[in-house]
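Participant: sequence first, then the predicted structure, then my questions.
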Amino acid sequence: MERLPPQRFRALTLTGRGSGIMIPMAIPSFGGMVIALLTLFMVPVLYSLREERRLAHIQGE
């Protein structure tokens, strides 16, 4: 059984009719999804690191 790629990534690999317009539209969408995922995970991590340093500084005084 042949495995098909996920639907949202299929536009990046199109070669048939209409692919000339779909690929340029898919690239920013894919990039936006990647940036959204990075933001989703990185912002809480960076915030907690900053707060831990702030609390360590307050407790060290």
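Facilitator: Sure thing, it's come through. Residues are numbered from 1 along each chain as shown.
Participant: could I get the full set of helices for the chain?
Facilitator: Taking DSSP state H, the helices of the chain run over residues 7-10, 19-60.
Participant: mean confidence score for the longest one?
Facilitator: Averaging pLDDT along helix 19-60 yields 90.
Participant: from the contact counts, what lies against it?
Facilitator: If you count contacts as 3 or more C-beta pairs under 8 Å, 6 or more residues apart in numbering; DSSP states H and E, helix 19-60 packs onto helix 7-10. Where you see a C-beta, it was placed from the backbone N, CA and C, and this is true even at glycine.
Participant: one more pass at 6 Å, please.
Facilitator: Packed against helix 19-60, as judged by 3 or more C-beta pairs under 6 Å, 6 or more residues apart in numbering; DSSP states H and E, are no other helices or strands.
Participant: and it, how far from the chain's centre?
Facilitator: Taking C-alpha atoms, centre = their mean, to the nearest Å, one finds the center of helix 19-60 at 7 Å from the center of the full chain.
Participant: just to revisit the earlier point, need the helices of the chain in a markdown table (columns: mean neighbour count).
Facilitator: Converted to a markdown table, the helices of the chain look like this (neighbours: other C-beta atoms under 10 Å):
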| stretch | mean neighbour count |
| --- | --- |
| helix 7-10 | 10 |
| helix 19-60 | 10 |
